Each structure stands twice: as C-alpha cells, then as structure tokens.
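Give me the fold of what follows.
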Amino acid sequence: MTQISDSGRQRADAAIGRNAEAQRKATAKALAGRRSEKRLLAMMAAALARVEKLVAEANKLSPPPRPIACGPGCPFCCHVRLTVSPPELLLVADHLRRTWPAECLDALKVKLANLDHLTRGRDAEAREAMRLPCPMLVDNSCGIHEVRPTSCRAVASVDVVACRQSYDSRMAEPVPQVTLQLNAANGVGYGVITGLIDSGFPMENIEFIAGLRIALDTENAARRWLDGEGLFAPASDA
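Numbers count the residues shown, from 1 in each chain. Now for the predicted structure:
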C-alpha cells in the first residue's frame, strides 16, 4: 500500500512540475508580440482552469486522508492577508465590472477603501490578529468564486472543526491543509509569475485589497499595466 501511495505522490509531483512549466510558456506566449488586454485575461482564465484540472488529477493520484471539507458558507480561511499577481487582479476586476450591478460595485469600492485604510502596511501576522473578512465574501461565500486567485484555490482542509478553531484563535491554531492541492495551485501560480518575468515584467506580489482598489478605480488599468506603468507599485509586496 505504501509503494502505491508513494508512486501516486511521485506522479502527482511530476504532473505539478509539468504544469508549472507549461503555464510559464503559456504566459510568455500570451504576452508575445502585440500585447492585448483580451489575451492577458484569457491567459489568466485558462491558468485558473489549469489549476482546477491539476488539483483534481493530483488528488486522484494521491488522495487526501479524508474528504475535503471546504464548501459554500465556510469562510473561516477568508480572513487572512492575501497576495496575488497583477493578471489575477485584473481578471477579478474585469469579472466584477461585467457581472456586478453598478450599485454593488460602488459599495464594494467604498468597502475596499475602508479596508485598505485599516490594513495598508500590516504584515500577515497582524492581519490574522485583526481577523477582517475578505471584501469578496457575500453571505459567507466567495462572491468571485469563478475567478478567485490561485492562492485561494491552494487552500483546502479536511477538518472544518479545525478551521473554526483556527478562526476562533485568530489563526493561532493550524489548519490541516491538503499539501498536493497547495502545491498544485502554487505551481501554476509560479508558472504565471515566471512567465511574466520571462516577458520582461517585474516581480510583483500584490496585496489583494489595495491592488483590487487600484484596479477598479483606474480607467484602462489592464492596458496601462501592459504598457509598463507601475500601476500596482503602491500595493506591491516585493
């Protein structure tokens, strides 16, 4: 049984490595030649689809010890500091503009401004102690589940009781995560970042709240970022 488990884990690790490199090439290809907002957003949407497919493959090759307990109405992990890449932010902003009513979008901008005022410059430990909810939570579920960032997709727990205890302790108690899901999502995210670097973009790790505020408040944000403007520098974690 151990040999079978080890074999499955090795195959899953190999699949993660292949997908990370494939995403690196896909990102660079999308940014080759004349750079367009459409190609950028399509690349990021495809990367998120790659995460979902890879997570399913990895968990099938090497199943977690218990079924994954995550689901709608389970927001305990959505109270921590989140960092993302610029394409992820721009995809979220595009999704919000296309799918959210104007009054909801206006209310979100106010919420982002208030949260940014509270959280700007605070590290992960301080943010965990504050236990502020992600601004995208709607009725305790993710309001952008379809386009949620790779870091969000990386988190999976097999014990909802432990998640609640972690939340109650302001994240002092650990949450038992599914390691292969974490590695799979982060592997694709790494492919996005390295593909950006290969294409001449700087390394940018953007705090989600501050970055989304910029993306929503800036006209033609994707075009300006593609043209090399340091749009997200105020929110950069680099």
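
how about the spatially closest residue to Pro176 that is not a sequence neighbour, what does it touch?
Sequence neighbours aside, Asp159 is the residue nearest to Pro176 in space, at 5.2 Å (criterion: CB to CB, 6 or more residues apart in numbering). All C-beta atoms are positioned from the backbone trio N, CA, C, and that covers glycine. Neighbour list for Asp159: 66, 69, 175-176 [criterion: CB atoms under 8 Å, 6 or more residues apart in numbering].

got it, and Lys109?
If you count contacts by CB under 8 Å, 6+ apart, Lys109 has them with 213, 216-217.

Please look at Arg120 and Ile214 and confirm they touch.
No - with contact defined as CB atoms under 8 Å, Arg120 does not reach Ile214; the gap is 11.8 Å.

Between the two, point out the one with more neighbours.
Counting neighbours by other CB atoms under 10 Å for Arg120 and for Ile214 shows that Ile214 has the greater number, 22 against 13.

tell me what the helix or strand hosting that one is packed against?
Using DSSP states H and E, Ile214 maps to helix 208-217. Here helix 208-217 touches strand 83-84, helix 86-99, helix 102-119, going by 3 or more CB pairs under 8 Å, 6 or more residues apart in numbering; DSSP states H and E.

Low-confidence stretches in the chain?
In the predicted model, the chain carries pLDDT under 70 at residues 1-4, 238.

in the helix of greatest length in it, what's buried?
Scanning the chain for the longest helix, with DSSP state H as the assignment, gives helix 2-30. Using 16 or more other CB atoms under 10 Å as the test for burial, helix 2-30 gives 8, 12-13, 15-16, 19-20, 23-24, 26-28, 30.

same thing with stretch 202-210?
204, 206-210.

same thing with stretch 159-178?
Buried residues in stretch 159-178, counting neighbours by 16+ other CB under 10 Å, are found at 159, 162-163, 166-167, 171, 175-178.

what sits against the closest residue to Ala26 other than its chain neighbours?
Leaving aside its sequence neighbours, Ala26 sits nearest to Met43 (CB to CB, 6+ apart; 6.3 Å). Going by CB under 8 Å, 6+ apart, Met43 touches 26-27, 30-31, 87.

out of the residues you listed, who's nearest Glu146?
Pro87 (15.4 Å; CB to CB).

Tell me if I'm right that that closest one and Ala46 touch.
No - using CB under 8 Å, Pro87 makes no contact with Ala46, being 10.9 Å away.

Compare those two (neighbour count), which wins?
Each of Pro87 and Ala46 has its neighbours counted (other CB under 10 Å); Pro87 has more, 27 against 14.
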